[in-house]
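K.L.:
I'd like to go over a predicted model; first the sequence, then the structure.
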Amino acid sequence: MNPIIKVENVSKTFHAKSGEVDALQNIDLEIEKGDIYGIIGLSGAGKSTLVRCLNLLEHPTEGKVYVEGRNLLDLSARELRLARRDIGMIFQHFNLLMQRNVVDNICFPMEIAGVSKSEAEEKAFELLETVDMVEKAKAYPAQLSGGQKQRVAIARVLSNNPKILLCDEATSALDPQTTKSILRLLKKINETLGITIVVITHEMSVIQEICTKVAVLEKGRIVEKGTVEELFRAPKTEEAKRLVYSGIGYFHSKNIKVEELTKKNG
């Protein structure tokens, strides 16, 4: 089966006053349709740059980015705009329009796409059902909690019927309990709508809660990748071990003794 996302030899260099910065170096990655794929690394590892290369918000300096078999770098500006409709993105800070209420925020992308007002509102209320926010339909962002804002942001992204959802630190501004509820929602969306989800995070607890596969990023390179279970049971690289052993709660939930893993993996 062909991967829905395939990244080949992608590098990204930024030119700063202090010199060149290699944010990504020779990234190879395949994400299958229906996966919840985690990309984890510490601050500065290149995670956000990588996820922005997946929809060409950042253009790679080198390499190719395939989505559903098409190299996005070969597309015209119009073709790329159409392709991006299939790739939704949610962010850490929600990016809601403060002067619009919840329903109007969700309707906004549909208005841009030329959907009629009545059809857009009908779809918006369906999506509010999906994210459990119907009672807040007429509220404004300033009246919502962080978790509620993120639910509205997710509903807004779903209004374009994306096949892929990119989550760039989507829960890092939320408390642990709210984070769990948002992750449950993303898992439900993955299971019921079949949307492939890419999760960018620095928190191992997010990976263990929701992801099926994971890649570990360090200083712009992928140093390890595989299933989440493989990574937790036998991390091979120092960076993976550092990240795994910071998420001790996982081991207790699986009745795995950390001492055994430490001994096994050096």
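P.N.:
Cool, the structure landed. Numbering: from 1, shown residues only.
K.L.:
Check which helix or strand the residue nearest the centre of the chain maps to.
P.N.:
Residue closest to the average C-alpha location in the chain (Cα atoms, centre = their mean): residue 167, at 2.3 Å. Assigned by DSSP states H and E, residue 167 belongs to strand 164-168.
K.L.:
And residue 200, by the same measure?
P.N.:
Using DSSP H and E, residue 200 sits within strand 196-201.
K.L.:
what mean pLDDT does stretch 176-189 have?
P.N.:
When pLDDT is averaged over stretch 176-189, the result is 92.
K.L.:
again with stretch 194-211
P.N.:
If you average the pLDDT over stretch 194-211, you get 92.
K.L.:
Which positions within that stretch qualify as buried?
P.N.:
Buried positions in stretch 194-211, judged by neighbour count with 16 or more other Cβ atoms under 10 Å: 195-211. For every residue, glycine as well, the C-beta is placed using N, CA and C.
K.L.:
distance between the ends of it?
P.N.:
The first and last residues of stretch 194-211 sit 14 Å apart, counting by Cα to Cα, to the nearest Å.
K.L.:
Just the helices from the stretch 1-150 of the chain, written as ranges.
P.N.:
Applying DSSP state H, counting those that start in this stretch to the stretch 1-150 of the chain gives helices spanning 47-53, 77-84, 102-112, 117-130, 146-158.
K.L.:
Tell me the helices and strands packed up against the fourth one.
P.N.:
Spelled out, that is helix 117-130. helix 102-112, helix 146-158 (3 or more Cβ pairs under 8 Å, 6 or more residues apart in numbering; DSSP states H and E).
K.L.:
relative to helix 102-112, how tilted is the longest one?
P.N.:
Between the direction of helix 146-158 and that of helix 102-112, the angle (axes from the mean of the first three to the mean of the last three Cα atoms, to 10 degrees) works out to 20 degrees.
K.L.:
Just the residues contacting helix 146-158, thanks.
P.N.:
Counting contacts by Cβ atoms under 8 Å, 6 or more residues apart in numbering, the residues outside helix 146-158 that touch it are 88-91, 94-96, 102, 105-106, 108-109, 124, 127-128, 130-133, 136, 141, 144, 165, 170-171, 173-175, 178, 181-182, 185-186, 189, 193.
K.L.:
Report the buried members of those residues.
P.N.:
The buried subset of the contacts of helix 146-158 - by 16+ other Cβ under 10 Å - is 88-91, 94, 96, 102, 105-106, 108-109, 124, 127-128, 130-131, 133, 136, 141, 144, 165, 170-171, 173-174, 178, 182, 185-186, 189.
K.L.:
Fine, thanks again, bye for now.
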